[in-house]
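In: give me coordinates for this.
(2 chains)
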Amino acid sequence: DAGVTQSPTHLIKTRGQQVTLRCSPISGHKSVSWYQQVLGQGPQFIFQYYEKEERGRGNFPDRFSARQFPNYSSELNVNALLLGDSALYLCASSLDAGLRGYTFGSGTRLTVV
Amino acid sequence: ILNVEQSPQSLHVQEGDSTNFTCSFPSSNFYALHWYRWETAKSPKALFVMTLNGDEKKKGRISATLNTKEGYSYLYIKGSQPEDSATYLCAFIGNWDSNSGYALNFGKGTSLLVTP
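Out: Numbers count the residues shown, from 1 in each chain, chains lettered A, B, ... in the order given. Modelled structure (predicted):
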């Protein structure tokens, strides 16, 4: 059974550009969450989607947006990239609200230059 | 923003040593506490999901305890092995709210290095 897959694994963007990150959850998992991890910090919550609806949003600017598709895969979009958006972006899927744990992907490493 | 603290920040032990880490979190509005193990260049892997005060969970040489009333959890590793080297993250989930849902609030992690 495939785990949580994220694409791309690495990418480099220029300030001001836009980026789309993709995540496919484990089959059967209806919840997808996104986290940003910068060096020296724990992952920070960005969004949670369940059954294609946004169920939670972290303290991130409106440049960050996401959606979940009918097949439960998800995209995270970041507009007007800043140098400070350089980070590892993790996607996690779960069956429910976290009582049985989350399964994480290996992340997308975004570098903004 | 919920304050989740982990200590120590890093730990270097010899093979065979036993060790423990601490995670402190808000003692109100508790829903669940997760522990994850994160090896370099891999994805975080769930170790334990703890929901009840007094919970004790064990998986092989690793165990965890939970005190929701005072807001802390301990992770223990007995007889550390080099393959235990990783960052150990705890994450607190508060009761559902309309802003953050059931978000994981992570600590910064404890980085463990076990040398032969």
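
In: what does chain A put close to chain B?
Out: Residues of chain A lying close to chain B (Cβ under 8 Å from any Cβ of the partner chain) are A:3-4, A:33, A:35, A:40-45, A:48, A:50, A:55-59, A:90, A:92, A:97-107. Using the backbone N, CA and C atoms, a C-beta is placed for each residue, glycine as well.

In: for ChimeraX, what selects the buried ones among these?
Out: If you want just the buried ones from the residues of chain A next to chain B in ChimeraX, going by 16 or more other Cβ atoms under 10 Å in any protein chain shown, the selection is:
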select /A:4,33,35,42,43,44,45,48,50,55,56,57,58,90,92,97,98,101,102,103,104,105,106,107
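
In: quick one: which of the residues of chain A next to chain B sit in strands?
Out: A:33, A:35, A:44-45, A:48, A:50, A:55-57, A:90, A:92, A:103-104 (DSSP state E).

In: between these, which sits nearest residue B:100?
Out: In terms of Cβ to Cβ, no member of these lies closer to residue B:100 than residue A:56, at 4.6 Å.

In: tell me the bridge partners for that closest one.
Out: Beta bridges link residue A:56 to residue A:48 when assigned by DSSP bridges.

In: in contact with it, which residues are there?
Out: A:33, A:45, A:47, A:48, B:99, B:100, B:101, B:102, B:103 (Cβ atoms under 8 Å, 6 or more residues apart in numbering or on different chains).

In: which pLDDT value belongs to it?
Out: For residue A:56, the pLDDT comes out at 91.

In: show me what contacts the residue of chain B found nearest chain A?
Out: Evaluated by Cβ to the nearest Cβ, chain B has residue B:101 as its residue closest to chain A, separated by 2.6 Å. Each residue near residue B:101 by Cβ under 8 Å, 6+ apart is listed here: A:48, A:50, A:55, A:56, A:97.
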